[in-house]
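Undergrad: Okay, here's the prediction I keep looking at, along with the sequence it came from:
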Amino acid sequence: MSFSNKIIGGATGAILLATTMSISLPEPALADDAGAFVGGVMAARIGQNMRARTQAEQQQAQAAQDQAYAAQQQQQVQQAAPPPAKQTAEERIAQLDKLAAGGYITAEEYKAKKQAIIDEM
């Protein structure tokens, strides 16, 4: 018997067998309560992740806003503070006299600084 005859004979035999034995196909699988439970758990987890991400983004936005507000307040304080007043020549010489009297500077340093103050006038 040739190979093609074997194939034809086998196929014919399978068809006859299937028709005589009334082979039925299995019923399709139906989702039961376990499938619905797993789907619900997955949906809840996805929702929870989305809420957590949204909350984290809101916290970051609030922190950035707070930082910008603090920087603005600091800038306003710096602008509101008056610049330090410049000492007059008399005040500087009086301070120089105190340093010399306390022994913090020498007589030569005193004379040089006093002359520099006078020259600035």
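TA: Structure's in. What do you need?

Undergrad: C-alpha from now on. contacts and neighbour counts both.
TA: Fine.

Undergrad: okay, now the domains of this protein?
TA: If you go by automatic domain parsing, the domain ranges for the chain are 32-79, 87-121.

Undergrad: mind putting those domains in a markdown table, mean neighbour count included?
TA: Shown next, in a markdown table, are those (neighbours: other C-alpha atoms under 10 Å):
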| stretch | mean neighbour count |
| --- | --- |
| domain 32-79 | 12 |
| domain 87-121 | 12 |
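
Undergrad: would you list the ones you listed in a markdown table and tack on mean pLDDT?
TA: Converted to a markdown table, these look like this (pLDDT from 0 to 100):
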| stretch | mean pLDDT |
| --- | --- |
| domain 32-79 | 87 |
| domain 87-121 | 90 |
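
Undergrad: Residue 105: what secondary structure?
TA: Three-state assignment for residue 105 (DSSP: H, G, I helix; E, B strand; the rest coil): coil.

Undergrad: so what's it up against?
TA: residue 99 (C-alpha atoms under 8 Å, 6 or more residues apart in numbering).

Undergrad: Phi, psi for it please.
TA: Reported as degrees, to the nearest 10, the phi and psi values for residue 105 are phi -130, psi 160.
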